[in-house]
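Asker: 3D model of this:
(2 chains)
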Protein chains: 2
Amino acid sequence: MPANKDTAIDALIDKIKDMGNPTVVGLDTRLHYIPQEIKQKAFAQHGETPKGAAEAMFLFNKAVIDAVFDIVPAVKPQVAMYEQFGADGMSAYILTARYARARGMTVIGDIKRGDISSTAEAYSNGHLGRVYIEQTPHEIYQEDFVTVNPYMGADAVSPFLSDCRAYNKGIFVLVRTSNPSSVQLQELQTTSGLVYEHIGRLVAEWGKDFIGRHGFSSVGAVVGATAPEQAARLRQIMPRVFFLVPGYGAQGASAVDLSVCFKNKSGAIVNSSRGIIDAHHNEKYVDLAKKGFEKAIRQAAVDMRADLWKVL
Amino acid sequence: MPANKDTAIDALIDKIKDMGNPTVVGLDTRLHYIPQEIKQKAFAQHGETPKGAAEAMFLFNKAVIDAVFDIVPAVKPQVAMYEQFGADGMSAYILTARYARARGMTVIGDIKRGDISSTAEAYSNGHLGRVYIEQTPHEIYQEDFVTVNPYMGADAVSPFLSDCRAYNKGIFVLVRTSNPSSVQLQELQTTSGLVYEHIGRLVAEWGKDFIGRHGFSSVGAVVGATAPEQAARLRQIMPRVFFLVPGYGAQGASAVDLSVCFKNKSGAIVNSSRGIIDAHHNEKYVDLAKKGFEKAIRQAAVDMRADLWKVL
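Answerer: Numbering: from 1, shown residues only, chains lettered A, B, ... in the order given. I've put the predicted structure just below:
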């Protein structure tokens, strides 16, 4: 891939640099995060139904995006929160992704899909590429990046690589996740190092043709901030792999913990979900929220940027 | 869990025994499988759009289900094929699952989801349990079983176990998949045996409270027929774990290959997708298909049952 301006990872890194903010806001939107006035409006129109819930989620997400789009480079909608409400939820997911892109934000679809190649192709075509209906191509989800599960090996990943190449998209492959039980598999000792190290090497290999002008690949890795030693090890193993870092804030990791994910003040983007999108219910911001929940959300994003900059 | 008649795995095993057929028909519905007359009808109404594609898929799936429901105990819709068409596709997935259940078939949702516990809970609530909108519970997908990815360990699985317990549902955890590159991770040698053996032991442990009156657990495993030695080893490691077996037919495995997955003529259900639902395009059935594509599909299911019985 030529080192052109439109490479997915270059476009993301440019935005991070412009805003001085390596933050991605996780849109893991839950109904109890959403202010009553938004829910009332949606439920008045559609009832307390999946359609009403989906409408409330989209209205809320729009407000979140409007509150942060000029200071945060990316959003990461977690598809599970939408998928659980069926087709209506998926509509809200798609509308959210499109709205964020229209506002200039990079969209990282947190889908964690992985399946045999012919099936992975369907996921990839839908999320990153095009689906064909008879002779006509359709863009369905329009994310810039999606997350991918590596349990099934290269077969499960290669269709995504094809679409990354064809449409200048990117992926983040799960390597070392932020949850406590990740150790059950990911930290097993193998003849090729620990499982997560082995997967890290595979990801570096898969991404070697996708390196952009900032020196990082559009084939990135999910590396949890909750395991700093492992993250530091992965930073060594995968010097050109960009990290998507969950676990900051609500999951317990601090800015100091995740500083090892960076390289020359670049190379990583840190996710915060609840900590930002539910800030209006946080005691710290509750006074500010009286002037509008969006103000609390924006202030939490400002504070996170300051917290990250202290350690970069 | 008491060994009652309604345990998910017991209900499935009862149907398998009643029909003498350990087959699940994979509804990996692709547009080129669907006969022109169905597509023309759907596209005439909705255009060559995602909605039209979804309508064609559902009409076709209904015909497949009608053709086999009295001789095949279960269907396995592959959600990727529906998800790629966005919200309309998800509607077709949900309608398909409901139609199959209304016809008395067990529905195994092939979703391969896996995420940290709070996210896995959303997947599980949507697919197996209930989602709450304000105070009201809603059943969204209504599958009997779903497939689950173990890369993140127990956290990613435990919410599904809660819903299996609460609603008499089941899961199949990916252990040894049928695709060629599964070896990249699953066959690594670790200090706890090969990766797939280690995962197999975890699955057996997760399922020990879910064993029904037939002696198998509602927490099952996906074990590919394409690797008979590994399947035989897993049959030893997990004597009470029921196997969902992909890889028969189009992926290259024969009935002899997968016979090792069974135990006393039970303990496994074998998936065929293309081999059955695209039988009308197979030279072997092309004459029969002239009398109706459903006849070719039914005959392929009859022939698969006979093929499996030879080796049981």
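
Asker: excluding its backbone neighbours, what's nearest residue A:97?
Answerer: Nearest in space to residue A:97, with sequence neighbours left out and distances taken as C-beta to C-beta, 6 or more residues apart in numbering or on different chains, is residue A:107 at 4.7 Å. Backbone N, C-alpha and C define where each C-beta goes, glycine included.

Asker: helix or strand for that neighbour, which one?
Answerer: Take DSSP states H and E as the rule and residue A:107 turns out to sit in strand A:106-113.

Asker: Please spell out which residues along the helix or strand harbouring residue A:11 are buried.
Answerer: Under the criterion DSSP H and E, the helix or strand holding residue A:11 is helix A:8-19. Residues of helix A:8-19 classed as buried under the neighbour-count rule (16 or more other C-beta atoms under 10 Å in any protein chain shown) are A:8-16, A:19.

Asker: Around the closest residue in space to residue A:265 that isn't next to it in sequence, how many other residues sit close by?
Answerer: Among residues not flanking residue A:265 along the chain, residue A:312 sits closest, at 4.8 Å (C-beta to C-beta, 6+ apart). Other residues near residue A:312 number 13, with proximity taken as other C-beta atoms under 10 Å in any protein chain shown.

Asker: wait, what's in contact with residue A:312?
Answerer: Contacts for residue A:312 (C-beta atoms under 8 Å, 6 or more residues apart in numbering or on different chains) come out as A:22, A:259, A:262, A:265.

Asker: hmm, back to that, and for the residue nearest to residue A:97, the neighbour number?
Answerer: Other residues near residue A:107 number 22, with proximity taken as other C-beta under 10 Å.

Asker: So it sits against residue A:79, correct?
Answerer: No - judged on C-beta atoms under 8 Å, residue A:107 makes no contact with residue A:79 at a distance of 11.5 Å.

Asker: For chain B, see how far away residue A:308 is.
Answerer: 22 Å (C-beta to the nearest C-beta, to the nearest Å).

Asker: try residue A:144
Answerer: Using C-beta to the nearest C-beta, we find residue A:144 at a distance of 17 Å from chain B.

Asker: same question, residue A:265
Answerer: If you go by C-beta to the nearest C-beta, the gap between residue A:265 and chain B works out to 28 Å.

Asker: What pLDDT does the model give that residue?
Answerer: Reading off the confidence values, residue A:265 has pLDDT 92.

Asker: How many residues are close by it?
Answerer: The local packing of residue A:265 (other C-beta under 10 Å) involves 14 other residues.

Asker: do residue A:113 as well
Answerer: Residues within reach of residue A:113, counting by other C-beta under 10 Å, total 28.

Asker: show me what contacts it?
Answerer: A:120, A:123, A:127, A:146-149, B:80, B:112.

Asker: Likewise for residue A:184?
Answerer: Contacts for residue A:184 (C-beta under 8 Å, 6+ apart) come out as B:153-154, B:202.

Asker: Work out for me the element it sits within.
Answerer: helix A:183-186.

Asker: now that helix: mean pLDDT?
Answerer: Taken as a whole, helix A:183-186 carries a mean pLDDT of 95.

Asker: following it, which helix or strand shows up next?
Answerer: Where DSSP H and E defines the elements, the next helix or strand beyond helix A:183-186 is strand A:189-190.

Asker: Tell me which residues touch residue A:46, please.
Answerer: A:52, A:55.

Asker: rerun at 10 Å
Answerer: For residue A:46, the contacting residues are A:52-56, A:88, taking C-beta atoms under 10 Å, 6 or more residues apart in numbering or on different chains as the criterion.

Asker: mind checking how far it is from residue B:146?
Answerer: Noted for residue A:46: a distance of 27 Å to residue B:146, by C-beta to C-beta, to the nearest Å.

Asker: same thing with residue A:101?
Answerer: On the measure of C-beta to C-beta, residue A:101 and residue B:146 end up 31 Å apart.

Asker: From the contacts of residue A:184, which land in helices?
Answerer: Using DSSP state H, the subset of the contacts of residue A:184 located in helices is residue B:202.

Asker: my read: the residue nearest to residue A:97 touches residue A:11, true?
Answerer: No - applying C-beta atoms under 10 Å as the test, residue A:107 and residue A:11 come out as separate, 11.4 Å apart.

Asker: Give the residues shared as contacts by the two.
Answerer: Residues within reach of residue A:107 and of residue A:11 at once, by C-beta under 10 Å, 6+ apart, are residue A:144.

Asker: re the thing from before, what about chain B: which of the contacts of residue A:46 touch it?
Answerer: The subset of the contacts of residue A:46 within reach of chain B, by C-beta under 10 Å from any C-beta of the partner chain, is A:52-54, A:56, A:88.

Asker: Can you flag the buried ones in these?
Answerer: A:52-54, A:56, A:88.

Asker: which among those residues gets closest to chain B?
Answerer: If you rank those by distance to chain B using C-beta to the nearest C-beta, residue A:53 comes first, at 4.9 Å.

Asker: Could you tell me whether that closest one really is in a strand?
Answerer: No - applying DSSP: H, G, I helix; E, B strand; the rest coil, one finds residue A:53 to be helix, outside a strand.

Asker: quick one, what contacts it?
Answerer: A:29, A:31, A:34, A:39, A:42-43, A:46-47, A:82, A:84-86, A:88-89, A:92, B:131-134, B:138.

Asker: Kindly report the same for residue A:240.
Answerer: A:9, A:204, A:207-208, A:210-212, A:214-217, A:219-220, A:263, A:267.

Asker: Narrow the residues you listed to just the buried residues.
Answerer: Restricting those to buried positions leaves A:9, A:204, A:207, A:210-212, A:214-217, A:219-220, A:263, A:267, with burial counted as 16+ other C-beta under 10 Å.

Asker: In strands only, show me these.
Answerer: With strands taken from DSSP state E, the overlap with the buried ones among the contacts of residue A:240 comprises A:217, A:219-220.

Asker: can you put these in CSV and add pLDDT?
Answerer: As requested, these are arranged in CSV below (pLDDT from 0 to 100):
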residue, pLDDT
A:217, 98
A:219, 98
A:220, 98
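
Asker: Among the ones next to chain B among the contacts of residue A:46, which pair sits farthest apart?
Answerer: Comparing every pair within the ones next to chain B among the contacts of residue A:46 by C-beta to C-beta identifies A:56 and A:88 as the most remote, at 10.8 Å.

Asker: how close does the nearest residue to residue A:9 once chain neighbours are set aside sit to residue A:182?
Answerer: Counting by C-beta to C-beta, 6+ apart, the nearest residue to residue A:9 once its immediate chain neighbours are dropped is residue A:218, at 4.3 Å. With distances taken as C-beta to C-beta, residue A:218 is found 24 Å from residue A:182.

Asker: Name the residues of the stretch 201-312 of chain A found near chain B, please.
Answerer: Near chain B, when you scan the stretch 201-312 of chain A using C-beta under 10 Å from any C-beta, you find A:202, A:224, A:246-247, A:250-251, A:273-274.

Asker: if I pick residue A:209, what's in contact with it?
Answerer: Residues near residue A:209 by C-beta under 10 Å, 6+ apart: A:1, A:161, A:164-165, A:217-219.

Asker: now the helices: where do they sit in the stretch 101-250 of chain A?
Answerer: Using DSSP state H, counting those that start in this stretch, the helices found in the stretch 101-250 of chain A span residues A:117-127, A:154-167, A:183-186, A:195-206, A:228-237.
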